[in-house]
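>>> here is the input, now give the coordinates:
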Amino acid sequence: MALVSAAAVLMLRKGTARHGRVGRAYAAAILAINGTALSMYDLTGRPNVFHVIALVNLATLAMGPLALRRWRRTHEPGDLVTHQRRMAMSYVGVWMAFVTEFLVNPLMGVSRMSNPRNHWPLMIALYLALFVTGNWLVLTRLTVTTVRA
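Model (predicted):
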């Protein structure tokens, strides 16, 4: 739901009631995903890097609506840009989690095919590549810098 609703939000006209409704559905999906992630300890039996990532994603998600709320009070264009960037980076985080799940979950079969010694370095490299690419797209393609006050 998070991947689909965020894609829809990116395609919808900004500032409309539909944009807001779909955006709230995305936020609800992210809260459910991260709540689930924070409750799982099967991998190591204790908190691990995935818990940290979930907390970062929740913080990123929280910053988006807070910036929008601030923009509604001040009409400062930078606040709306911050909203756009934080929400888009949250979406990048969802894609990173999706790829991680696909590669790590034994039910998918990919992790069984790789050499355990090479698996984590490859995961880290892929994660960094996704983050850098997503950040570049957010900064150069998704953010509107001119805003009507």
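>>> drop to CA atoms for contacts and neighbour counts, all remaining ones
Noted.
>>> in the host helix or strand of I53, which residues are buried?
According to DSSP states H and E, I53 maps onto helix 49-74. Residues of helix 49-74 classed as buried: 50-51, 53-55, 57-58, 60-68, 71 (neighbour count, 16 or more other Cα atoms under 10 Å).
>>> now swap in stretch 73-90 and tell me
76-77, 79-90.
>>> in JSON lines: the residues you listed, plus secondary structure.
JSON lines is the format used below for the buried residues of stretch 73-90 (DSSP: H, G, I helix; E, B strand; the rest coil):
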{"residue": "E76", "secondary structure": "coil"}
{"residue": "P77", "secondary structure": "helix"}
{"residue": "D79", "secondary structure": "helix"}
{"residue": "L80", "secondary structure": "helix"}
{"residue": "V81", "secondary structure": "helix"}
{"residue": "T82", "secondary structure": "helix"}
{"residue": "H83", "secondary structure": "helix"}
{"residue": "Q84", "secondary structure": "helix"}
{"residue": "R85", "secondary structure": "helix"}
{"residue": "R86", "secondary structure": "helix"}
{"residue": "M87", "secondary structure": "helix"}
{"residue": "A88", "secondary structure": "helix"}
{"residue": "M89", "secondary structure": "helix"}
{"residue": "S90", "secondary structure": "helix"}
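>>> next structured bit after the helix or strand of the chain with the lowest mean pLDDT?
Counting by mean pLDDT, DSSP states H and E, the chain has its least confident helix or strand at helix 110-113, which shows a mean of 61. Next in sequence after helix 110-113, counting helices and strands by DSSP H and E, comes helix 116-137.
>>> how about that next one: buried residues?
Quick answer for helix 116-137 (16+ other Cα under 10 Å): Y127, L130, F131, G134, N135.
>>> can you list contacts of it?
With Cα atoms under 8 Å, 6 or more residues apart in numbering as the test, helix 116-137 has contacts from M89, V92, G93, M96, T100, L103, S111.
>>> how far off helix 116-137 does the host helix or strand of the third one point, in degrees?
Right, the one you point to is G93. Here G93 sits within helix 77-104, counting by DSSP H and E. Taking axes from the mean of the first three to the mean of the last three Cα atoms, to 10 degrees, one finds helix 77-104 and helix 116-137 inclined to each other by 160 degrees.
>>> what packs against helix 77-104?
Packing contacts for helix 77-104, counted by 3 or more Cα pairs under 8 Å, 6 or more residues apart in numbering; DSSP states H and E, involve helix 2-11, helix 49-74, helix 110-113, helix 116-137.
>>> many thanks, I have nothing further to ask.
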